[in-house]
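S.K.: could you look at this predicted model? Sequence included:
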Amino acid sequence: MIKVTDLHKKIGQVQALNGLSFEAHNGTITGLLGPNGAGKTTCLRTLFGLLKADSGSAEIDSLNVVTQSSQAKQQLGLFPDPFGLYERLTPREYVQFFAELNGMAGKEAKQATDEVLSLLKMQDIADRRCQGFSQGQRMKTALAQAIVHKPTNIVLDEPTRGLDVMSTRLLRDLLLMLKQQGHCVLFSSHVMQEVAALCDQVVVMAAGRVVAQGSPAELCLRTGKTSLEDAFISLIGTDEGIAA
Ligand SMILES: Nc1ncnc2c1ncn2[C@@H]1O[C@H](COP(=O)(O)OP(=O)(O)OP(=O)(O)O)[C@@H](O)[C@H]1O
């Protein structure tokens, strides 16, 4: 479970987070939805421990990301940019390296790597170098890296950016599988279709704070709209920075 409480963060002259509070639960896919500049990435960077909030708190499985940073990180999987993989490694080498970085010893890391390669049905590509991989193969390798240490929580910042339709569909299926397994999945997006298709809960953000939270159906009901896109525009009062 991920919980952020009254987060404030000023970057330069910009109040990027301005009292942000929400929870994302296990067995649920939660979407952080907001226009450009709403503060989504700033929120996720704070969760990763890359940014320190000016005030407020962020917790991963009740572990404070600042004061219990290493334990919190054990329970957090970060989905990296699939286009930024180190091309000379094979997925097996890549994933095992990250398992070890996350504190697993040699044998344990090897076993965890075997398990995740099998879970994501990657045996056919496990021992090929990443160079020349298709988008789907890169995406699976990136996801394997994020979940090899079996974190409860998986966080993705605009995960489908740059992916083609097939890879996007594949990622969607994999995130649904992680949800079925009881993980807490949190991702940021401004792509309505993606959020509507995947999310149980949507946290609508604007100007660094939560404007509304609920299931896509609840948000439509609350605003009297028939689509999430119309509900979103009604909630934030502008259609700037959204993608249909
Ligand atoms: N390093 C930085 N320097 C200056 N301003 C920043 C920096 N990082 C973030 N900001 C500002 O903080 C605000 C929130 O940015 P953030 O990247 O969190 O938004 P976002 O919701 O992820 O937007 P997008 O959908 O465009 O990625 C924006 O006004 C942004 O310009």
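M.R.: Great, that's in hand.
S.K.: tell me which element the most centrally placed residue in the chain falls in.
M.R.: Closest to where the C-alpha atoms of the chain average out (Cα atoms, centre = their mean) is L156, at 2.0 Å. Assigned by DSSP states H and E, L156 falls within strand 153-157.
S.K.: hmm, that strand touching the ligand?
M.R.: No - for strand 153-157 and the ligand, the contact criterion (Cβ under 6 Å from any ligand atom) is not met; the two come no nearer than 7.5 Å. Heads up, the C-betas are built off the backbone N, CA and C, glycines and all.
S.K.: and the helices in the protein?
M.R.: For the chain, helices defined by DSSP state H occupy the ranges 40-48, 69-74, 91-101, 106-119, 135-147, 165-180, 192-198, 216-223, 228-236.
S.K.: those helices: lowest mean pLDDT?
M.R.: In terms of mean pLDDT, the lowest-scoring of those is helix 192-198 (a mean of 88).
S.K.: right, is that helix up against the ligand?
M.R.: No - Helix 192-198 lies out of reach of the ligand by Cβ under 6 Å from any ligand atom, never closer than 12.7 Å.
S.K.: which residues touch C220?
M.R.: Listed by Cβ atoms under 8 Å, 6 or more residues apart in numbering, the contact partners of C220 are 226-228, 230-231.
S.K.: okay, those in a markdown table with distance to the ligand and neighbour count next?
M.R.: Shown next, in a markdown table, are those (distance: Cβ to the nearest ligand atom, whole Å; neighbours: other Cβ atoms under 10 Å):
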| residue | distance to the ligand | neighbour count |
| --- | --- | --- |
| T226 | 25 | 9 |
| S227 | 20 | 13 |
| L228 | 17 | 25 |
| D230 | 20 | 16 |
| A231 | 18 | 26 |
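S.K.: want to throw those residues into CSV with distance to L175?
M.R.: Shown next, in CSV, are these (distance: Cβ to Cβ, whole Å):
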residue, distance to L175
T226, 25
S227, 22
L228, 17
D230, 25
A231, 22
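S.K.: return the residues of the chain in contact with the ligand.
M.R.: Residues of the chain lying near the ligand (Cβ under 6 Å from any ligand atom): 11-12, 14, 16, 34, 36-42, 190.
S.K.: Q74 and P82: what is the separation?
M.R.: According to Cβ to Cβ, to the nearest Å, Q74 and P82 sit 23 Å apart.
S.K.: which one of the two has more residues nearby?
M.R.: Between Q74 and P82, P82 has the larger neighbour count (other Cβ atoms under 10 Å), namely 25 against 18.
S.K.: got a list of what the more buried one touches?
M.R.: 135, 138-139, 141-142, 162-163.
S.K.: re the thing from before, now the strand holding L156: average pLDDT?
M.R.: 95.
S.K.: which neighbours does it have in its sheet, and in what orientation?
M.R.: If you go by DSSP bridges, strand 153-157 pairs up with strand 76-78 (parallel), strand 184-189 (parallel).
S.K.: closest one to H149 among those strands?
M.R.: strand 76-78 (7.1 Å; Cβ to Cβ).
S.K.: from the chain's centroid, how far away is the closest one?
M.R.: Centroid separation between strand 76-78 and its chain, computed with Cα atoms, centre = their mean, to the nearest Å, is 8 Å.
S.K.: quick one: the strands paired with strand 153-157 as CSV, columns for mean pLDDT too.
M.R.: Shown next, in CSV, are the strands paired with strand 153-157 (pLDDT from 0 to 100):
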stretch, mean pLDDT
strand 76-78, 94
strand 184-189, 94
